[in-house]
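Colleague: Got a predicted structure plus its sequence, pasted below:
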Amino acid sequence: MNAESTAFRASRPAVVAPGGEGARAAAWLLSWPMRLAATPLGRRLLAALLLGVVLVASVSYLYDSPDPAGAATAISPAGLAVEAPAAPSGPGRVAAAPARKAPAAGPAEVAAAWFAARQKLAMDKVRSLQQRRVSATETRVLVVAEGAGSMPSQYVTVRKGPSGWKVP
């Protein structure tokens with residue numbers, strides 16, 4: 001006996017006729033959402049599913065669109081914003097518009113710059129984690145530094161004077 005023998009099993013037609021098993025399964029599968037929507041629980045489930053799809057699509061869109069690039073500024077150890085060096089101009093290059101004055105450094109930047117100078121670390125190794133406003137002119141900033149095996153942190157009090165924010 002071989003596998004093609006029809007003695008033990010009936011031969012099957014090569015093409016399934018319309019209205020056969022496959023058509024019934026397709027009709028059942030296509031009618032399933034409508035039968036589900038006919039019940040109160042099914043309507044709630046479909047509404048939740050639709051809401052979930054809309055939320056996932058909107059959050060995905062927000063993460064896919066990048067933020068606009070901000071002005072390149074660096075923070076000096078004194079806590080003041082320093083403009084980045086301009087690109088060299090050569091023949092055939094169009095001169096860029098003059099850069100606007102950088103905004104004044106906020107309390108977080110001043111505290112991070114002061115803490116980086118005190119710990120003798122690069123500015124990119126220090127982060128401000130939170131701010132607590134004590135008064136209109138005084139803010140406490142929690143800063144943390146990434147070190148070799150340790151992460152020193154400290155609350156830094158920053159006061160606002162006529163020349164801007166500074167550590168007393």
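Modeller: Great, that's in hand.
Colleague: part of a strand, is residue 47?
Modeller: No: going by DSSP: H, G, I helix; E, B strand; the rest coil, the assignment for residue 47 is helix, not a strand.
Colleague: mind giving me the domain split of this protein?
Modeller: 21-60, 106-168 (automatic domain parsing).
Colleague: Please identify the most buried of the ones you listed.
Modeller: Highest mean neighbour count of those: domain 106-168, a mean of 16 (counted as mean count of other C-beta atoms under 10 Å). For every residue, glycine as well, the C-beta is placed using N, CA and C.
Colleague: Start and end of that domain, how far apart?
Modeller: This stretch, domain 106-168, spans 15 Å end to end (C-alpha to C-alpha, to the nearest Å).
Colleague: Over that domain, what's the mean pLDDT, rounded is fine.
Modeller: Average pLDDT, domain 106-168: 91.
Colleague: Ok, stretch 30-42 next?
Modeller: On average, stretch 30-42 scores 89.
Colleague: what's next to it, contact-wise?
Modeller: Residues from elsewhere that reach stretch 30-42, judged by C-beta atoms under 8 Å, 6 or more residues apart in numbering: 43, 45, 46.
Colleague: Could you measure from the last one over to residue 142?
Modeller: Put plainly, it is residue 46. To residue 142, residue 46 is 47 Å away according to C-beta to C-beta, to the nearest Å.
Colleague: Not counting sequence-adjacent ones, nearest residue to residue 114?
Modeller: residue 167 (4.5 Å; C-beta to C-beta, 6 or more residues apart in numbering).
Colleague: where does the one you found fall, phi/psi-wise?
Modeller: Reported as degrees, to the nearest 10, the phi and psi values for residue 167 are phi -90, psi 130.
Colleague: Does it touch residue 160 like I think?
Modeller: No: using C-beta atoms under 8 Å, residue 167 makes no contact with residue 160, being 11.4 Å away.
Colleague: any idea which of the contacts of stretch 30-42 is the one closest to residue 23?
Modeller: residue 46 (25.3 Å; C-beta to C-beta).
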